[in-house]
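Chemist: quick one: sequence plus predicted model below, questions after.
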Amino acid sequence: MASWKPYDEMKVMGQRQPRLDGPEKVTGRARYTYDQRPPGMLYGVLLTSPHAAARVVAIDADRARALPGVRAVLTDIHPTGNVRFAGEYVAAVAAVNKQVALDAVALIEVNWQTRAHVVTLWEAIDEDAPRVFADKDNVTESERGDGDVDAGFSQAETIVEAEFFTQVQTHSPLETHGSVAAWDGDELTVWDSTQAVHGVREGLAKALEMPANKVRVICHHMGGGFGAKLGPGAYSVIAAKLARQAGAPVQLMLSRKDQHLSVGNRPDSWQQLKLGATKDGQFTAFECTTWGSGGIGGRGGVSQPYVYSFPAWKQQHHDVATNTGGARAFRAPGRPQACFAMEQIIDEMAWKLGLDPLDVRLRNDGNETRHEQWRIGAERIDWPRWRRREPGAGAGPIKRGVGMGASIWFTGGRGTKAQMDILSDGTVEVRCGTQDLGTGTRTLVAAVAAEELGLPIAAINARIGDSDFPYSGGSGGSTTAPSVAPAIKNTAEKAKAELAIVVARHLGVAADTLSFVDGTVRVASGQTLSWREACAMLGANAVSVQGEWQEGLSGSNVAGCQFAEVEVDTETGRISVIKVVAVADCGLIVDRLTTESQVNGAVIQGISYALLEERIMDSETGRMVNADFENYKVLGALETPEIDVILYDQPERGVIGIGEPPTIPTSAAVANAVYHAIGVRLRDLPMTPDKVLRALEGA
Amino acid sequence: MVPFDLVSPRNLRDVAESLADGRGEILAGGTDLLDRLKERIDPPARVVNIKSLKELYGITEDSGLSLGPLTTMTEVAGNDRVRHQYPALAEAALSVATPQLRNMATLGGNLCQRPRCWYFRSNDYPCLKKGGSVCYAVTGRNKYHAIFGGGPSYIVHPSDTAPALIALGAQLEIHGATGKRMLPLHDFFQGPRENLLHENRLQRDELITRVQLPPAKESTRSTFLKFREKQSLDFAISSVAVALDMDGDTVRDGRIVLGGVAPVPWSVPAAVQQLQGRRLGSAIDDAAEAAVEGARPLDENGFKVTLTRNLLRRALQQLAQGKADAR
Ligand SMILES: Cc1cc2nc3c(=O)[nH]c(=O)nc-3n(C[C@H](O)[C@H](O)[C@H](O)COP(=O)(O)OP(=O)(O)OC[C@H]3O[C@@H](n4cnc5c(N)ncnc54)[C@H](O)[C@@H]3O)c2cc1C
Ligand code: SF4
C-alpha cells in the first residue's frame, strides 16, 4: 500500500501555502465562465414559467424572432410542456446583446392553461391537496430503525418530546450557474460554471446525442456551487442548442432569480422527536417522524438519528413533493436539518435532568476522535465557566450564552487520474480533470506535486478544470482532496522515477541512490545537481507519465464539533454570534490555509442558515417572493464573528475531505447558545428577530 | 427595458418642461430608478437626467443648513455640520445600504424612492400600486409590511433620511413650471388612501431643488435608531427618529417619527405629548406605549409593534443618558 512520507519531513504539504490563484482572483484577472468571450459570442436569455403548475398550450415567438439582433429562438426546450414550478424554462433566445435578448424574451407569448398548485410542505401533505404529479401521491412514506424502541422508552426515566422546523435554503453561489457554448464543426466546447467537468461532458453528450469525445468542458475558475453544480444543467444544453441554431457561440448565465428558483436547494424539514434517557443521561431510545419537501425532486431526506448512539431508534420519514424547484445536494445533504433538531433535544434533555449538556453528549457519543475534540473545543470556549450559568440568567436586555453541536462525514474519494510532464528546462506541468470550486484544489494539486518532487510550490504548473485532462470525479461529498491528492502523488512519484533513471544513466549511478530534495538531486555518493541541471539531461525526451489514485493515502469518516457564543438582544430579537470555536477533523493536511478557509466558509454559511437565509413562498401565486439578494438575506461581513478554527490533524489517516462537515453543527450550536442566553428555545429556522420576539412573548 | 428618451436639461425650466406631460421621470443617482427600469415597473417614456444642474449640489450654511438634492448619502453622513448639529440625519444617511450605494444614492432620490414591497418590485404581480386590482400583501407574505396607515396598499416608506429630516423640521424647496414653493417635509408624503400611485405630493412637473433644515438649537437633542436584520444592505424593519427640545432634563417639545412601519414616515405626536413637560427619564415607557397605540398588524408583522416600541424606548433612553449612537 502506498504511504506518505513522515509528516514532520514535509516541506510543502501541511504548511500554509497561499492560494495559487489568489492574486489572479483579487486583481480581477481570473476568468470565470461569465468572463468568456469567444469571438462573435451572443447572449442567451431564458423565458421561465410564472406559474407553479400549468400546461403550455402554445408558444408564439414570431415577434421575438423578428426583433433586430435576435439570432436564435428555441420554443421546444421543455420536455413535456407540463410545467411544475414557477421558474421552469420554457423558451430561450440568443441575441447580439443581453438587452436585445431580454427584450425578445418579453415579446414571446405563451398561452398557458394553469392548474392548481401546492408550494409548501403544509399544503402538500393535506389529503385534498392538488397533486404535483398526476400519477403519484405528494407524500412518500418510509420507515427505518433498529432495536426495540418500546422497550427502550420503557427503560427511560425521562422522556423529552419536541418539534422542529427548518427552512428551504438555496445554494446562492456568487457566480450563478451558466455556460458559454461554442461549436467548431461537430465539436463542442463548453465553458461551464461547474463542480464536475467530466460529469458535464458526459451529460451533455448524452443530452445532445453526440459522442463524448467531441465535447470538451472547461472550468478554470468558478464562483461557488455548494452541490448545486454537480451535474449537467439544462441551461448548458440550451446554450449548445442556441449556439448551433445561431451558428455562433452563446453565453447563457442564469439570472439571480433563475438561480434561486431552478437549480436546487436544501429541502425544508418538519421533525417530531422523542428522546428517552436514564436520569444520568444515558440514552435508551429515540423516535422521530420527519417530513421534508424537495420540490419536484420529491426527496427531502433528514438524516436521523444524528451521530449519537441509541440502543433503539425509529424514523418514520415522509418525502413530500411540491410545485417548487427540485432539491439538489447541498453541503452535507440532510445533516444540518437533523443536527439542528437532535442537538437541541439533547440539550433539552440535559437541562431537564440537571446535567451538563457536554457530559450528556460525551456519554452517548461513540466516536472516540470526537471525544477528544469535545474536550479541546470546551476548553477553547471556556465551557467550564459557561456551564455554571443558568439558561436565561443574565441581567439586562442583552444576554449571552454558549451552545454546542457535533459534526460528521463519511465519504473518502477515489478514482482520480492525472498526468505529469517534466520538461528539459526544468518546468513541471501536472494535468488533472478535477476542478476548483473555490476550495483551493489547484493549490492542493501543486502542493502534492511539489512535495513529491522536492520543489517549491511555485515550480509546478497545476492545470485543472478541463475535460481534456485525465478523469476525475465531481467535487461533491467532500471527495475531491482524498481522491485527487493520492493521484497526484502517484503521478509525481512515477515522473520522478523516470527522471531518476535518465539522471542515473548520465551519472553512471544506480537510480535508487538519487534523492530529490530542496530543488536539487542528490546522489548518495555526495554529488549534488540542481533540479534544472538534472532535467537538462532529458534532452528531447521529456518525462510524460500518467498516474492514478492509490489505496493507503486517503481516508474517510470525519468527526468534529463546534461551540458558539451568542448575544441576544431581547428588546429587538437580534441574535449576534460573537464567536465560534470549530474543531475540525482533517487527517493529513495538504494545505493549512485552504483547510482553514473551508472551515471558515462552512461556519459562515452555517450562521447564515441559522439566522437569515430562507426561501419565502407565496402560496396563492405559487412563487418565491424573495428570489433576489435583497430579501433572500445572506450573511455579510458585519455579521461574521470571530471564528476559532482548530485543525485536529491525524496524518496517519491520510488525506480526508473537509468541505461539508463543518457547516452541519453551526445552526444547532447557535440555537443551543440562544437557549442558554434567554432560557427560551427557538425551534424554527432561520432564527430571525420576529421569531425571537414571539418566543420571548410566549415564554 | 422599455426604450426611453434620455434628456439632459440645462436649467430648472427645462426640467419642468420635460416632466410636464407626466411621462418623464427624473434620474439622479439611479440606484432606485435603474432597477425599476430593468424590471419594467412603471417605465417612463423619458428619463430626465438632472446631474448637470450645478445648483442642485452641495451643502450650504445659512441660518440653518441647505442641502442640494444631489448631495449623496456619503456626503450627508460625512458633513461636519450635519454630524454635530443634526446627528439624527447623519446617522440615518450612514445607515443606508452600503458604501457603494451611498456614494451614488442622492438625498432627493432617497426621499422620492419607490416602495420595496416584493410584489411591487417584481413584474409578475400587477398589484394595486401598479394600477392593478389587488394588494397581494394583505393575504400573502407580509412580514415587512405596514403596521400603521395601511390599506388598500400596505407598503412601508423605505427612506431612512425622511423620518430624520421630518423630526428635525426640514422643509423642501420645490420647483415646477410656475416657479418655486416651500413645503414642510412632514406634508410631502401621502398614504395610499390619498393616492395609490404616488407616495408624495410632487406635481408631475415638479422636482425637489433644496432640502432646508432650520437653525439648530443648543437645546435640541436628536437621534436615529434603525433596526434591520442584516447590518449592511438592508432596509429598516423599523426605525425611530427623535428630535427633542430640552429644558435641562425636561422635554419642552419635539418630534418623533417612525420609519419602515407605514406607507409614509409615521409621526407620533401622541408619544411626544407623553414627554412634554416631564423629565425625559421618567416618561420613556409612556411615550413608547403611546407611539404604537393603534397599530394594526397583518398576519406576519405583529413583531414590528414590539420592536418599534422597544426601539423608541432605547432611543429615548440614549437621549436621556446623553449619548446618541445608532445601532
Ligand atoms: C440594495 C439597496 C439597499 C438600499 N438600502 C437602503 C436603506 O437602507 N435605506 C434607505 O433609505 N434607502 C436604501 N436604498 C435606497 C436608496 O437609498 C435609494 O435608491 C437612493 O437614495 C435613491 O437615490 P438616487 O439618487 O439613486 O435616486 P434615483 O434612482 O435616481 O431616483 C429615485 C426616484 O427619485 C426621483 N428623484 C430623484 N431626485 C429627485 C428630485 N430632486 N426631485 C424629485 N424627484 C427626484 C426619481 O425620479 C426616481 O423616481 C437602498 C437601495 C438599494 C438598491
Ligand atoms: S402592499 Fe402595495 S405595493 Fe405591495 S402588493 Fe400591496 S398594493 Fe402592491
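Modeler: Nice, thanks for sending it over. Numbering: from 1, shown residues only, chains lettered A, B, ... in the order given. Ligands and ions are numbered 1, 2, ... in the order given.
Chemist: which non-adjacent residue is nearest the closest residue to ligand 2 within chain A?
Modeler: The minimum distance from chain A to ligand 2, using Cβ to the nearest ligand atom, falls at A:Val625 (10.0 Å). (Each C-beta comes from the backbone N, C-alpha and C, glycine too.) In this structure, A:Val625 finds its nearest non-sequential neighbour in B:Trp118, 4.3 Å apart by Cβ to Cβ, 6 or more residues apart in numbering or on different chains.
Chemist: what's the longest helix in chain A?
Modeler: helix A:480-507 (DSSP state H).
Chemist: what's the following helix or strand after that helix?
Modeler: On the C-terminal side of helix A:480-507, the nearest following helix or strand under DSSP states H and E is strand A:514-517.
Chemist: following the chain past that next one, name the next helix or strand.
Modeler: strand A:520-523.
Chemist: still on that earlier bit, chain center to the longest helix of chain A, what's the gap?
Modeler: Relative to its parent chain, helix A:480-507 has a centroid offset of 31 Å by Cα atoms, centre = their mean, to the nearest Å.
Chemist: which elements pack onto that helix?
Modeler: Taking 3 or more Cβ pairs under 8 Å, 6 or more residues apart in numbering or on different chains; DSSP states H and E as contact, the helices and strands that helix A:480-507 lies on are strand A:417-422, strand A:428-432, helix A:441-453, strand A:514-517, strand A:520-523, helix A:531-536, strand A:543-548.
Chemist: any idea which of those gets closest to A:Asp258?
Modeler: A:Asp258 sits nearest to helix A:441-453 of all the helices and strands packed on helix A:480-507, at 26.7 Å, using Cβ to Cβ.
Chemist: name the residues that touch stretch A:386-393?
Modeler: Stretch A:386-393 is contacted from outside by A:351, A:356-358, A:399, A:401-402, A:565, A:675-680, using Cβ atoms under 8 Å, 6 or more residues apart in numbering or on different chains.
Chemist: I misspoke; the intended subject was stretch B:289-308.
Modeler: Residues contacting stretch B:289-308 (Cβ under 8 Å, 6+ apart): A:572-573, A:689-690, A:693-694, A:697, B:137-138, B:141-148, B:150, B:154, B:227, B:237-238, B:240, B:256, B:258, B:260-261, B:268, B:270-271, B:273-274, B:309, B:312.
Chemist: wait, does it make contact with ligand 2?
Modeler: No: Stretch B:289-308 stays clear of ligand 2 (Cβ under 6 Å from any ligand atom), getting no nearer than 9.6 Å.
Chemist: which of the residues in that stretch are buried?
Modeler: When burial is assessed from 16 or more other Cβ atoms under 10 Å in any protein chain shown, stretch B:289-308 yields the following buried residues: B:290-292, B:295, B:297-298, B:300-308.
Chemist: end to end, how far does that stretch reach?
Modeler: One end of stretch B:289-308 sits 10 Å from the other (Cα to Cα, to the nearest Å).
Chemist: helices of the stretch 251-400 of chain A, start to end?
Modeler: Assigned helices in the stretch 251-400 of chain A, in chain order: A:256-262, A:335-353, A:357-364, A:368-381, A:383-386 (criterion: DSSP state H, counting those that start in this stretch).
Chemist: whoops, the stretch 1-150 of chain B was the one
Modeler: B:12-19, B:33-38, B:73-78, B:80-85, B:87-94, B:99-104, B:107-112, B:118-121, B:136-139.
Chemist: just to revisit the earlier point, measure how buried the residue nearest to A:Val625 is and give me the count.
Modeler: With neighbours defined by other Cβ atoms under 10 Å in any protein chain shown, the count for B:Trp118 comes to 27.
Chemist: what's the answer for A:Asn541, then?
Modeler: 10.
Chemist: tell me how far it lies from A:Arg37.
Modeler: Counting by Cβ to Cβ, to the nearest Å, the gap between A:Asn541 and A:Arg37 amounts to 39 Å.
Chemist: next one: A:Asp356
Modeler: For A:Asp356, the distance to A:Arg37 - Cβ to Cβ - is 60 Å.
Chemist: between the two, point out the one with more neighbours.
Modeler: A:Asp356 (17 against 11).
Chemist: list the contacts for A:Ile589?
Modeler: A:Met13, A:Gly14, A:Thr595, A:Leu647, A:Asp649, A:Pro651.
Chemist: which of these lies closest to A:Val96?
Modeler: For these, the minimum distance to A:Val96 (Cβ to Cβ) is 45.4 Å, reached by A:Thr595.
Chemist: for that closest one, give me the backbone phi and psi.
Modeler: Here is the backbone geometry of A:Thr595 (degrees, to the nearest 10): phi -70, psi -50.
Chemist: what's the neighbour count on it?
Modeler: A:Thr595 is flanked by 25 other residues according to other Cβ under 10 Å.
Chemist: just give me how far stretch A:527-536 sits from the chain centre.
Modeler: Distance, centroid of stretch A:527-536 to centroid of chain: 43 Å (Cα atoms, centre = their mean).
Chemist: buried ones in it, by neighbour count?
Modeler: Across stretch A:527-536, burial judged by 16+ other Cβ under 10 Å covers A:Leu529, A:Trp531, A:Ala534, A:Cys535.
Chemist: can you check stretch A:562-581 too?
Modeler: In stretch A:562-581, counting by 16+ other Cβ under 10 Å, buried: A:562-577, A:579-581.
Chemist: so which strand or helix has A:Ala30?
Modeler: According to DSSP H and E, A:Ala30 maps onto no helix or strand at all.
Chemist: my guess is it meets A:Asp21, correct?
Modeler: Yes: A:Ala30 is within contact range of A:Asp21, at 6.0 Å (criterion: Cβ atoms under 8 Å).
Chemist: list the beta-bridge partners for A:Ala58.
Modeler: With DSSP bridges as the criterion, A:Ala58 is bridged to A:Asn111.
Chemist: is it true that A:Arg681 touches A:Gly698?
Modeler: No: using Cβ under 8 Å as the test, A:Arg681 is too far from A:Gly698 to be in contact (10.7 Å).
Chemist: next to ligand 2, which bits of chain B? Give me the list.
Modeler: Counting by Cβ under 6 Å from any ligand atom, chain B sits next to ligand 2 at B:115, B:117, B:119-120, B:127-129, B:135-137, B:145, B:153-155.
Chemist: ok, of the residues you listed, which come out buried?
Modeler: In the residues of chain B next to ligand 2, burial by neighbour count holds for B:115, B:117, B:119-120, B:127-129, B:135-137, B:145, B:153-155, counting by 16+ other Cβ under 10 Å.
Chemist: can I get the residues you listed in TSV including distance to A:Arg244 and pLDDT?
Modeler: TSV is the format used below for these (distance: Cβ to Cβ, whole Å; pLDDT from 0 to 100):
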residue	distance to A:Arg244	pLDDT
B:Pro115	44	98
B:Cys117	42	98
B:Tyr119	39	98
B:Phe120	40	98
B:Cys127	41	97
B:Leu128	45	97
B:Lys129	44	97
B:Cys135	46	98
B:Tyr136	41	98
B:Ala137	45	98
B:His145	47	98
B:Ser153	48	98
B:Tyr154	49	98
B:Ile155	47	98
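Chemist: picking up where we left off before, if you compare the helices and strands packed on helix A:480-507, which one is most tucked away?
Modeler: Looking across the helices and strands packed on helix A:480-507 with neighbours counted as mean count of other Cβ atoms under 10 Å in any protein chain shown, the highest average goes to helix A:441-453: a mean of 26.
Chemist: give the contact list for the spatially most central residue of chain A.
Modeler: Nearest residue to the geometric centre of chain A (Cα atoms, centre = their mean): A:Phe226, 2.9 Å. Residues counted as contacts of A:Phe226 (Cβ under 8 Å, 6+ apart) are A:His171, A:Pro173, A:Phe330, A:Arg331, A:Gln605.
Chemist: hang on, isn't the third one packed against A:His171?
Modeler: Yes: A:Phe330 is within contact range of A:His171, at 6.0 Å (criterion: Cβ under 8 Å).
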